[in-house]
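J.: got a sequence here, can you model it:
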Amino acid sequence: MLRPGDSKTPWWLMGGTGGSGFTGLIRLSVIEGATRPHLSVEPEPAMDFPISDLMDQGACYDKLVSWLHPDGLACPRCGARDGLVVHHRHRDPVIDYRCAGCRRVFNAFTGTLLQGTKRRPVELVLILRGFAQGVPTAQLARELGCDRKELLQLRHRLQHAVYRFHQAALAQSS
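T.: Now for the predicted structure:
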């Protein structure tokens with residue numbers, strides 16, 4: 001009987017990944033009455049790479065700010081763009097600002113659909129990317145390790161806002 005490692009064992013029974021994602025572990029078993037060994041391949045254990053750990057929080061925050069405020073960040077109360085001073089940095093890179101004119105404290109998410117979120121910028125970018133690609137909410141929640149119901153509520157809020165935007169655009173064009 002041939003066994004892996006024997007000098008007479010053919011090269012294709014020796015194992016190796018061959019780029020297929022399998023270990024190539026080959027089980028030789030004697031099946032009653034069989035004249036050749038039974039081959040089976042076991043999958044390699046998965047190696048997880050949490051993508052959120054590989055992305056830059058600051059770059060994602062800058063991208064979110066550019067999407068939410070294409071004309072630049074302004075005070076949601078008085079609209080001032082000048083005189084915004086840093087109030088707190090307790091959730092770096094998300095910065096709380098204070099308006100010098102009206103003294104309102106706010107951040108980039110204030111007055112937007114993302115107001116009140118406790119998610120990190122990387123998570124928000126990955127969630128928005130998943131929504132835009134049509135990834136199911138349950139799958140996205142599993143990949144990001146978050147609550148499916150909370151993610152579904154955010155998806156519905158965003159979808160409703162897009163619907164209202166399109167309705168307003170259609171009404172203006174008529």
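J.: ok, Gly130 - contacts?
T.: By C-beta atoms under 8 Å, 6 or more residues apart in numbering, Gly130 lies in contact with 140, 143. For every residue, glycine as well, the C-beta is placed using N, CA and C.
J.: got the domain ranges for the chain?
T.: 1-47, 51-73+108-173 (automatic domain parsing).
J.: Three-state assignment for Asp96, please.
T.: State at Asp96, reduced to three classes by DSSP: H, G, I helix; E, B strand; the rest coil: strand.
J.: actually Arg129, not the one I typed
T.: Classified using three-state DSSP, Arg129 is helix.
J.: can you check His156 too?
T.: helix.
J.: could you report the neighbour count for it?
T.: Residues lying near His156 (other C-beta atoms under 10 Å) number 11.
J.: read off the pLDDT value for it.
T.: Model confidence at His156, given as pLDDT, is 96.
J.: please apply the same query to the one 4 residues further on.
T.: On pLDDT, His160 comes in at 94.
J.: can you say which helix or strand has it in it?
T.: Assigned by DSSP states H and E, His160 belongs to helix 148-173.
J.: end to end, how far does stretch 108-124 reach?
T.: End-to-end span of stretch 108-124 (C-alpha to C-alpha, to the nearest Å): 13 Å.
J.: weakest of the domains of the chain by average pLDDT?
T.: Taking the mean pLDDT of these, domain 1-47 comes last: a mean of 49.
J.: confirm Ala80 sits in a helix?
T.: No - counting by three-state DSSP, Ala80 falls outside a helix, being coil.
J.: how much space between the closest residue in space to it that isn't next to it in sequence and Gly72?
T.: Residue nearest to Ala80 in three dimensions, not counting chain neighbours: Gly101, with 4.6 Å by C-beta to C-beta, 6 or more residues apart in numbering. Note on Gly101: its distance to Gly72, by C-beta to C-beta, to the nearest Å, is 16 Å.
J.: of the two, who's got more company?
T.: Remark: of Gly101 and Gly72, Gly101 carries more neighbours, 14 against 9, as counted by other C-beta under 10 Å.
J.: and what about that one, helix, strand or coil?
T.: Under three-state DSSP, Gly101 comes out as coil.
J.: secondary structure element for the nearest residue to His69 once chain neighbours are set aside, which one?
T.: Once flanking residues are discounted, His69 sits nearest to Ala108: 6.6 Å by C-beta to C-beta, 6+ apart. In this structure, Ala108 sits in neither a helix nor a strand according to DSSP H and E.
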